[in-house]
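In: return a 3D structure for these sequence lines:
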Amino acid sequence: YPVSYYGTQIGEASRWTTVIPKSDVETIYALRRLSLWAGNVYAREPSGMGFWANVVPTFNVNYDGLTIPVTLEVTRVEGGV
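Out: Predicted coordinates for the structure are as follows:
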C-alpha cells in the first residue's frame, strides 16, 4: 500500500455510509474532530481487520430530522501517524 505524504495518497479508497441518531452528541463531536484531523487514523472493519487510512467524514445536521446520515471516505495508506 502507498505511503501518505503531506496529505496526498495514492491507493484504494472506499466509501462507508451509516446513519446515527441526532441525540448521539459524543459521536457528532468525534466526527467534527475527525474532520479537522490532518493525519492518518487506524480504521477497523466490522470483520475485525484494521489498517491505517486517511478518513474524511461528511455529514449534515438538519434541525428537522431525527437521524444524521454520515459518509466516511476512507483511503488506505501504509504506516501510522
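In: how far does stretch 55-71 stretch from start to finish?
Out: 10 Å (CA to CA, to the nearest Å).
In: actually stretch 43-63, not the one I wrote
Out: Where stretch 43-63 starts and where it finishes are 30 Å apart, if you go by CA to CA.
In: so how far is it off the chain centroid?
Out: A distance of 3 Å separates the C-alpha centroid of stretch 43-63 from that of its chain, computed with CA atoms, centre = their mean, to the nearest Å.
In: before we move on, what about stretch 12-24?
Out: That offset, for stretch 12-24, works out to 8 Å (CA atoms, centre = their mean).
In: residues in contact with it?
Out: 1, 27-28, 61, 65-76 (CB atoms under 8 Å, 6 or more residues apart in numbering). Bear in mind the C-beta positions are built from the backbone N, C-alpha and C, glycine included.
In: and stretch 45-58, what's buried?
Out: Counting neighbours by 16 or more other CB atoms under 10 Å, one finds that the buried residues in stretch 45-58 are W52, A53, N54, V55, P57.
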